[in-house]
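**Q** give me a 3D structure for the following:
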Amino acid sequence: MNDLPENSSNTAGSDLDTLDYLRGVKSSTCLLLPTTPSPTPLDFKHPLSEEMSERPFLPLSDDANSATLQNADTLGGDSSSSADSNSVVQDPVSAQLINNISMLDYQTLSKNVDLMMGPAEDCKLNGNLNISNRKLPDFVNWNWGIIRKVLLWVVLSALVACLGAIIAMVVTIPRVCNPDLPWYQGKVFYEIFPASFKDSNNDGIGDLKGLIKKLDYIQNLGVSAIRLNSVFEAQNYPEQYYNVTSLMNIDRSIGTIDDFKDLVTDIHKRNMSIILDLPVASMITSDTPFNSSQPYLFTNNTLVGVSDVTTTAIVYWAHIKNVDGFYLKKLDRFVDDPNFGKSLQFWKQIIGYNKIFIASEETLQKANGNSLNILLSRIDLIDIHLDLRHGINGLKNRIDEVITGSLWTKPHYPWVHWNIGNIYNERISTKHLNNTLALTVLEFVLPGTVSIFYGDEIGLGGLQEVEKDFHEHKDTHNLVMMNFSDSGKNENVGILPWNSQSLLQPRYHYIDIIKSLSKVRMSTPTIYLRAIYKDGNILKNIGIRKTEENLVVIERWYPRRNTCVFVGNLGNTSITTDLSTMFYGGTVVSGTNASLVGQTLYFDEVTFPPNSAIILKLEK
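**A** Below you'll find the model as predicted:
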């Protein structure tokens, strides 16, 4: 029925198919534009199929007229090829856009993310991009290669700096982390009678200037505080140092107030503290008008508005002369005074921050009721003396009695200030010649603050007996002149104009042992901490073991620290014993025999020489 030639039919069909294909290209392109409607799905044949491959493709040209003609033809033809883009073998949409960019309007995004509309000829990709005569920001043309390199080096430098900081922190981390304490708790004090210590002007009486010259010696012993027995003006000083006539003046025999000021300054420069023995002369009156927040006004060494001499002295020496604390001598005489508690409260209020009071054991024993409660809350240290008057067992019982007494019932109660030698008692070497060093080692392992009486660190004795008559030296029999060693020569050796010579020659090798004891004590929390505080309670960290009569065994422990053990043979014969049921073994850290330090000792069938003592650190 169709009169047209066969080839005419094929040519017309081919042209229509070609237009349909181009229409499909435009349709697939327009699919990317939000304003282009979706084409109507039609049946189509793939352009690469056998039928389509026999027909020529319509070439695409940049010529505007050709594009117009093609668009017109396409609009007039069948749009069945609009779905060519859905074929699995069809080129991607992005390829179609590139191939048809010269004949199609398009949408694109600039480098600064602005949407730009317009024909292709408005785009210039020549490094200075202009879109419809709009110029991109200047930063587009920056030298980003150099910028990236600079940023890379900045980041790497920051990483290296952080790594260096981390390494520095690791290197500087302390090797030990020991609990810290106030300057008066667990430390070592050094007690001095100034008139017998060091004479600077060769008048036969020690003085403050001489004491200043020996501060380095005292510091090297490991001392944290110096306590001066008596410096106040007194009748017939120093023989009758106790007859104090003024609590506001330094006795001229030992120096002036300027000398004292220099002494305090030099002590503080060495990070040590100074304590004065202050004889309590009175209690405050109930109507004392004093406000601790007001400035202190003194006239002729008298605190204006206060008639109490003890209060005036405390304010003067603590605030005007910067003393760090006081040993309240003779305080036990006033425990029954109605103003006893009020006085302690008032003095503690005005003494100032981080300054302390020391009281005697006699005061603690005599106080009761409200006075005792105030004493325990206002006094910082209680002085307790140890000796062998009641033998080895008596010493054990004495220590056990103290550590189980009232001072260990609450955390804020006073610490113990232990001493085995002081101004009132006969020297250790006089009473216990062979046990001087062993008793010193024992003192250094006790919980609390320890005190060394000047001369005990070299084993000085008391006065030589003169016809068995000590009545004229009954108060100064142990206040012999201190001996110092300088290149093997003794200084200040001889009979003082007011006192006699020491009974014993100095043993200077004791000094190294004292230094070792101080070092071990100050670096070992197991020893210098007096108790374990847990949930507001105080738990003991010391135990006195009962063994042979002349053997003293003291154990000290603390959480996450090595246990330390003191073993002392205070008898005159060797003791061989087996302590392995108590301890396995440990390393010697100090003792009377310096050659043992660092050695490992096991407690099965161990022999302890007479008058010896060691401190061991047990394995964890």
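
**Q** where are the low-confidence patches of the stretch 401-550 of the chain?
**A** Counting by pLDDT under 70, the stretch 401-550 of the chain has low-confidence residues at 464-473, 486-496, 498.

**Q** so where do the strands sit in it?
**A** 415-419, 449-453, 484-486, 489-491, 531-534, 537-540, 542-545 (DSSP state E, counting those that start in this stretch).

**Q** which neighbours does the fifth one have in its sheet, and in what orientation?
**A** Just to be clear, that refers to strand 531-534. Strand pairing for strand 531-534, determined by DSSP bridges: strand 537-540 (antiparallel).

**Q** please identify the deepest-packed of the strands of the stretch 401-550 of the chain.
**A** For these, ranked by mean neighbour count under the definition mean count of other CB atoms under 10 Å, the leader is strand 449-453 at a mean of 25. No exception for glycine: its C-beta is placed from N, CA and C like everyone else's.

**Q** with distance to S574 added, can I get the strands of the stretch 401-550 of the chain in JSON lines?
**A** Supplementary listing: the strands of the stretch 401-550 of the chain in JSON lines, determined by distance: least, CB to CB, whole Å:
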{"stretch": "strand 415-419", "distance to S574": "28"}
{"stretch": "strand 449-453", "distance to S574": "28"}
{"stretch": "strand 484-486", "distance to S574": "31"}
{"stretch": "strand 489-491", "distance to S574": "34"}
{"stretch": "strand 531-534", "distance to S574": "35"}
{"stretch": "strand 537-540", "distance to S574": "31"}
{"stretch": "strand 542-545", "distance to S574": "19"}
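
**Q** mind checking what helix or strand follows whichever strand or helix holds A168 in sequence?
**A** With the criterion set as DSSP states H and E, the secondary-structure element containing A168 is helix 144-172. Scanning forward in sequence from helix 144-172, with DSSP H and E defining helices and strands, the next element found is strand 188-192.

**Q** that following strand vs strand 415-419, what angle?
**A** Strand 188-192 and strand 415-419 meet at an angle of 50 degrees, taking axes from the mean of the first three to the mean of the last three CA atoms, to 10 degrees as the criterion.

**Q** strand 188-192 vs strand 449-453, what angle?
**A** Using the same axes, to 10 degrees, the direction of strand 188-192 lies 30 degrees away from that of strand 449-453.

**Q** where's the closest residue to R507 other than its chain neighbours relative to N229, distance?
**A** The spatial neighbour of R507 that comes closest, neighbours along the chain excluded (CB to CB, 6 or more residues apart in numbering), is G459 at 4.2 Å. Counting by CB to CB, to the nearest Å, the gap between G459 and N229 amounts to 20 Å.

**Q** where does the prediction get shaky in the stretch 1-150 of the chain?
**A** When the per-residue scores of the stretch 1-150 of the chain are filtered using pLDDT under 70, the ranges that remain are 1-134.

**Q** picking up where we left off before, among the strands of the stretch 401-550 of the chain, which is nearest C162?
**A** C162 lies closest, by CB to CB, to one member of the strands of the stretch 401-550 of the chain: strand 531-534, at 38.9 Å.

**Q** ends of stretch 398-412, how far apart?
**A** 23 Å (CA to CA, to the nearest Å).

**Q** just the buried positions in it, please.
**A** By neighbour count, with 16 or more other CB atoms under 10 Å as the criterion, the buried positions of stretch 398-412 are R398, I399, V402, I403, L407, W408.

**Q** which other residues reach whichever strand or helix holds I384?
**A** In the assignment (DSSP H and E), I384 maps to strand 381-385. For strand 381-385, the external contacting residues (CB atoms under 8 Å, 6 or more residues apart in numbering) are 184, 327, 356-361, 364, 402, 407, 414-420, 422, 425, 449, 451.

**Q** make it 7 Å
**A** In this structure, residues lying in contact with strand 381-385 by CB atoms under 7 Å, 6 or more residues apart in numbering are 184, 356, 358-361, 364, 402, 407, 414-419, 422, 425, 449.

**Q** got it, and stretch 310-323?
**A** Taking CB under 7 Å, 6+ apart as the rule, stretch 310-323 contacts 247-248, 260-261, 264, 274, 276, 278, 280-282, 284, 296, 298, 301-303, 306, 326, 347, 350-352, 355.

**Q** one more time with 8 Å
**A** With contact meaning CB under 8 Å, 6+ apart, stretch 310-323 is reached by 247-248, 257, 260-261, 264, 268, 274-276, 278, 280-284, 288, 290, 296, 298, 301-303, 306, 326, 343, 346-347, 350-352, 355.
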